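Undergrad: The amino acid sequence is not available; the structure is as follows:
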């Protein structure tokens, strides 16, 4: 049976205390996931260790970073590397979110680099495809996402 995954991206919301309360409310709700079902909480960087600690004993719950940088290391103040995520046992990382592409101008080459770095550090990438509202309103989202995938995988394969 195919795995069913619900990934909840908290984005830049909630204080630490609010996030901890939300997480505890969800985990205490006695939700029984089936063997093929997974819930992944993509939380802001300051909450990764707390979330990992809370879910590590829970069956089929996990934690994801919301992003990583496209370079292995270096003088990139404020960024977080795949190696750093690996060092604290974060198993997943969201890559290519439409907001990152739109607001931070992330390129397909950068996304391919992030994918490769995650794989190098045994982090499962959660690769996002998506469109800005204007594309959806124009009803051209399918072509837009198809182009994203084609461009990225061409670059990814070329760099592998």
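TA: Okay, I see it. Quick caveat, the model's predicted, so the values are computed rather than measured. Residues are numbered from 1 along each chain as shown.

Undergrad: following the helix or strand that contains residue 17, which helix or strand comes up?
TA: Counting by DSSP states H and E, the element that carries residue 17 is helix 16-27. As assigned by DSSP H and E, the chain's next helix or strand after helix 16-27 is strand 37-43.

Undergrad: Let me see the mean pLDDT of the helix holding residue 17.
TA: Mean per-residue pLDDT for helix 16-27: 97.

Undergrad: residues contacting the residue in the chain sticking out farthest from the centre?
TA: Among residues of the chain, the one most distant from the C-alpha centroid is residue 138; the distance is 27.1 Å, by C-alpha atoms, centre = their mean. Applying C-beta atoms under 8 Å, 6 or more residues apart in numbering to residue 138 gives no contacts. The way it works is simple: take the backbone N, C-alpha and C, and place the C-beta from them, glycine included.

Undergrad: which element is the spatially most central residue of the chain on?
TA: Central residue of the chain (C-alpha atoms, centre = their mean): residue 94, 1.5 Å from the mean position. Assessed by DSSP H and E, residue 94 sits inside strand 92-95.

Undergrad: what's that strand packed up against?
TA: strand 4-9, strand 37-43, strand 61-65, helix 108-120, strand 124-127 (3 or more C-beta pairs under 8 Å, 6 or more residues apart in numbering; DSSP states H and E).
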